[in-house]
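**Student:** I'll drop the sequence and a predicted model, then ask my questions.
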Amino acid sequence: MRTAPAAVWTFLALAAALARPAAAATSGGAPISVTIQSIDVLSVTDSGPLNLQASAGSNVLSGPADSSARLNLSHNSATALRITAEVLPADDPPSQDITLTVSVAGGSGQKTLVLSGGAQGPQEVYSSIPAGVLTDKAVTYTASCTASGTKVSAATSFDFVVTFTTLN
Amino acid sequence: MKKVLALSLVAALLVSAFPVLAATATSNVTVTIGAVDKLVVTNGGTITLDNNSADPTAGDVLGPATDSTARLSFVHNKNVNKKITAEATTAPAAAGNDIQLEVQVGAAGSFVTVYDDNGAAAAQDAVTGIAAGALSNQVVTYRARATAAGTPVSAATNFDFTITFTSVDQ
Amino acid sequence: MRGLLGALLWLALACAAPASAASVGASALVKVPAVDLLSVSDGGTIVLDNAAADPQAGDDLGPVADSTARLNYTHNSPTAKKLTAQVTANPGGSDITLTVSVAGGTGEKTLVDAGATAAVQDVYTNIPAGALSDLSVTYKASATAHGTPVSGPTSFVFTITFTSVSS
């Protein structure tokens, strides 16, 4: 995004100060353009590890939620924006039946990104965002799987890439 | 313009440096051996002393006649030997008869007298030296005799006995 | 005025382009451990006394069974597993025969044979990744009166170790 150069703003201020009936001779008009770009800046940090645990006799592995990630957004659209989150099929690891959910503080509640290993498509995690900022919103992930559906010969990490996108 | 901070990683396999160990669990079970001392004796039959038991050329003795219907089974697990006594705990009065009743347990056992002309005897050792283990289905032989003069009857008369067998530490 | 106005500011408030979407990828790392968890609770007390004796049949005491113990197991290995059992603590001094069977498993197996500890026994085989939940474990004990003489009621405590093994 290109912001208006500082020099332009300085010029505008100067011009405003000089806006009074001129007593002196004037030159001809000198046109100047200022462009305000659309601003739409989104950042989301990575989560901490979601460590799954099992107990004897239960097929389900689960663990504590992680709320390490932070979401920040700045936009100046005249139209309210929303944010979706999605695990793209290409980013969904194979050979697992993990269920992964996400929720953004103050947003649209918990949404399922991956259900038993299958990516669920884009999920709205924050809606009706007016021009302005969302600052340091906690992003909470939960994960679970089954012993029968996620077989590993040793401790294994499954890295899900979650794509957050702003939309009108 | 859509900006994508592409993370091309699909799955990161971070394999543990150590192999999976076998799981073990322990379970305890207690077997309690109780005191075992169990004696079973089935009922005898009827011993009849009649003309068939009489030999007037030899005197007025009636019998002896035997009955081997009853069976005795015994098991114990004490670490000392036991014995089995026999006693006529129900018997007719001594007066009016001279019946002699004997008991033998097992073909190799000795006959012991549980009732005679004097009435019921004290408990008699019928089997001795029984180590932990079982005697199963031992033949119990009752033997009875009387005399015609000593046991006069007006008609066929039953003289009923109850023999009680008891296990005792030897 | 005009001059000043000549220095008009042309404020072109124009959006250089239509509103565009911002998109960013973030990592969510899920760590799945290798799971191999087994628990077996204790059995009850098996009593061999007069009630377990039939002198007409001989001096055998029992067998008497107990199904108090419960087995729970979970694993997520790509390879099937099996469970074995063996007596790892035998108090001795008896001719007790002790067997075990796990519900749905490989049937009754002898752990102690007339007082002698037997070799390790398979009690459940071909277990795929997943869980076995709350399975009944039945212990059965017998002895003989002459082989286990006692001065009074005497308890013999056996410890059975269950182990998961790759099939």
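**Tutor:** Ah, there it is.
**Student:** shaky segments in chain A?
**Tutor:** Filtered on pLDDT under 70, chain A yields the residue ranges A:1-24, A:27.
**Student:** for it, what's the longest strand?
**Tutor:** strand A:132-146 (DSSP state E).
**Student:** quick check: buried residues in that one?
**Tutor:** Buried residues in strand A:132-146, defined by neighbour count with 16 or more other C-beta atoms under 10 Å in any protein chain shown: A:134, A:137, A:139-146. Where you see a C-beta, it was placed from the backbone N, CA and C, and this is true even at glycine.
**Student:** what about the helix or strand following that strand and chain B, any contact?
**Tutor:** Next helix or strand after strand A:132-146 toward the C-terminus (DSSP states H and E): strand A:156-167. Yes: applying C-beta under 8 Å from any C-beta of the partner chain, one finds strand A:156-167 touching chain B at A:156-159, A:161, A:163.
**Student:** let me see the contact set for A:Ala56.
**Tutor:** If a contact means C-beta atoms under 8 Å, 6 or more residues apart in numbering or on different chains, then A:Ala56 has C:37-39, C:72-74, C:131 as its contacts.
**Student:** for these, which one is nearest chain B?
**Tutor:** C:Leu38 (3.9 Å; C-beta to the nearest C-beta).
**Student:** chain A: strands as residue ranges?
**Tutor:** Applying DSSP E to chain A gives strands spanning A:40-44, A:50-51, A:60-62, A:66-75, A:81-86, A:99-104, A:111-115, A:118-119, A:123-129, A:132-146, A:156-167.
**Student:** by contact count, what packs against the last one?
**Tutor:** Applying 3 or more C-beta pairs under 8 Å, 6 or more residues apart in numbering or on different chains; DSSP states H and E, one finds that strand A:156-167 makes contact with strand A:40-44, strand A:66-75, strand A:81-86, strand A:111-115, strand C:23-32.
**Student:** picking up where we left off before, I'd like the strands of chain A laid out as TSV, including distance to C:Ile127.
**Tutor:** Below are the strands of chain A laid out as TSV (distance: least, C-beta to C-beta, whole Å):
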stretch	distance to C:Ile127
strand A:40-44	41
strand A:50-51	25
strand A:60-62	17
strand A:66-75	32
strand A:81-86	37
strand A:99-104	24
strand A:111-115	27
strand A:118-119	27
strand A:123-129	37
strand A:132-146	15
strand A:156-167	20
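**Student:** circling back to that earlier point, and chain B, which of the contacts of A:Ala56 contact it?
**Tutor:** Restricting those to those within reach of chain B (C-beta under 8 Å from any C-beta) leaves C:37-39, C:73.
**Student:** most neighbours of all those, which one?
**Tutor:** C:Tyr73 (25 neighbours; other C-beta atoms under 10 Å in any protein chain shown).
**Student:** and it, backbone torsions?
**Tutor:** Here is the backbone geometry of C:Tyr73 (degrees, to the nearest 10): phi -150, psi 140.
**Student:** excluding chain neighbours, what is closest to A:Ile39?
**Tutor:** A:Asn76 (4.4 Å; C-beta to C-beta, 6 or more residues apart in numbering or on different chains).
**Student:** give me every residue that touches that neighbour.
**Tutor:** By C-beta under 8 Å, 6+ apart, A:Asn76 lies in contact with A:36, A:38-40, A:131.
**Student:** put the buried members of these into a PyMOL selection.
**Tutor:** Restricted to buried positions by 16+ other C-beta under 10 Å, the PyMOL selection for the contacts of A:Asn76 reads:
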select buried, chain A and resi 39+40
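**Student:** closest one of the contacts of A:Asn76 to chain C?
**Tutor:** Among those, and counting by C-beta to the nearest C-beta, the member closest to chain C is A:Asp40, at 4.4 Å.
**Student:** separation between that closest one and B:Val75?
**Tutor:** Per C-beta to C-beta, to the nearest Å, A:Asp40 is found 93 Å from B:Val75.
**Student:** what of A:Ile83?
**Tutor:** Using C-beta to C-beta, we find A:Ile83 at a distance of 83 Å from B:Val75.
**Student:** taking chain A, what residue is nearest to chain C?
**Tutor:** With C-beta to the nearest C-beta, the shortest gap between chain A and chain C falls at A:Thr26, namely 1.7 Å.
**Student:** give me the neighbour count for that residue.
**Tutor:** By other C-beta under 10 Å, the residues close to A:Thr26 number 13.
**Student:** swap in B:Asn43?
**Tutor:** B:Asn43 - counted by other C-beta under 10 Å - has 10 other residues nearby.
**Student:** quick check, the residue in chain A closest to chain B?
**Tutor:** Here chain A gets closest to chain B at one residue, A:Pro93, 3.4 Å apart by C-beta to the nearest C-beta.
**Student:** and that residue, how many residues sit next to it?
**Tutor:** If you count neighbours by other C-beta under 10 Å, A:Pro93 ends up with 22.
**Student:** my guess is it meets A:Phe158, correct?
**Tutor:** Yes: at 4.5 Å, A:Pro93 counts as touching A:Phe158 under the criterion of C-beta atoms under 8 Å.
**Student:** adjacent strands (with direction) for the longest strand anywhere in chain B?
**Tutor:** Secondary structure assigned by DSSP E gives strand B:133-147 as the longest strand of chain B. Applying DSSP bridges to the sheet, strand B:133-147 is found paired with strand B:61-67 (antiparallel), strand B:71-76 (antiparallel), strand B:100-105 (antiparallel).
**Student:** out of the contacts of A:Asn76, give me the two with the largest separation.
**Tutor:** Spatial extent of the contacts of A:Asn76 (C-beta to C-beta) is set by the pair A:Ile36 and A:Asp40 at 13.0 Å.
**Student:** so where's chain C uncertain?
**Tutor:** Short version for chain C, where the test is pLDDT under 70: C:1-20.
**Student:** now do the helices in it.
**Tutor:** C:2-6 (DSSP state H).
**Student:** and chain C, which of the buried residues of strand A:132-146 reach it?
**Tutor:** Restricting the buried residues of strand A:132-146 to those near chain C by C-beta under 8 Å from any C-beta leaves A:139, A:141, A:143, A:145-146.
**Student:** could you dump those residues to JSON lines with distance to chain B?
**Tutor:** Converted to JSON lines, these look like this (distance: C-beta to the nearest C-beta, whole Å):
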{"residue": "A:Val139", "distance to chain B": "15"}
{"residue": "A:Tyr141", "distance to chain B": "15"}
{"residue": "A:Ala143", "distance to chain B": "14"}
{"residue": "A:Cys145", "distance to chain B": "13"}
{"residue": "A:Thr146", "distance to chain B": "18"}
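**Student:** between those residues, which is nearest B:Val31?
**Tutor:** A:Thr146 (39.3 Å).
**Student:** who touches that closest one in this structure?
**Tutor:** With contact taken as C-beta under 8 Å, 6+ apart, A:Thr146 is in contact with A:59-61, A:97, C:130.
**Student:** ranking by neighbours, what's the top pick from these?
**Tutor:** A:Leu61 (25 neighbours).
**Student:** wait, doesn't it sit right on A:Ser148?
**Tutor:** No: judged on C-beta under 8 Å, A:Leu61 makes no contact with A:Ser148 at a distance of 10.4 Å.
**Student:** overlap in contacts, those two.
**Tutor:** C:Asn76.
**Student:** before we move on, back to that, in strands, which of the contacts of A:Ala56 appear?
**Tutor:** Per DSSP E, those map to strands at C:37-39, C:72-74, C:131.
**Student:** A:Thr101 pairs with what?
**Tutor:** Note on A:Thr101: beta-bridge partners by DSSP bridges are A:Thr112, A:Thr142.
**Student:** does it touch A:Gly109 like I think?
**Tutor:** No: the criterion here is C-beta under 8 Å, and A:Thr101 misses it with A:Gly109 at 9.8 Å.
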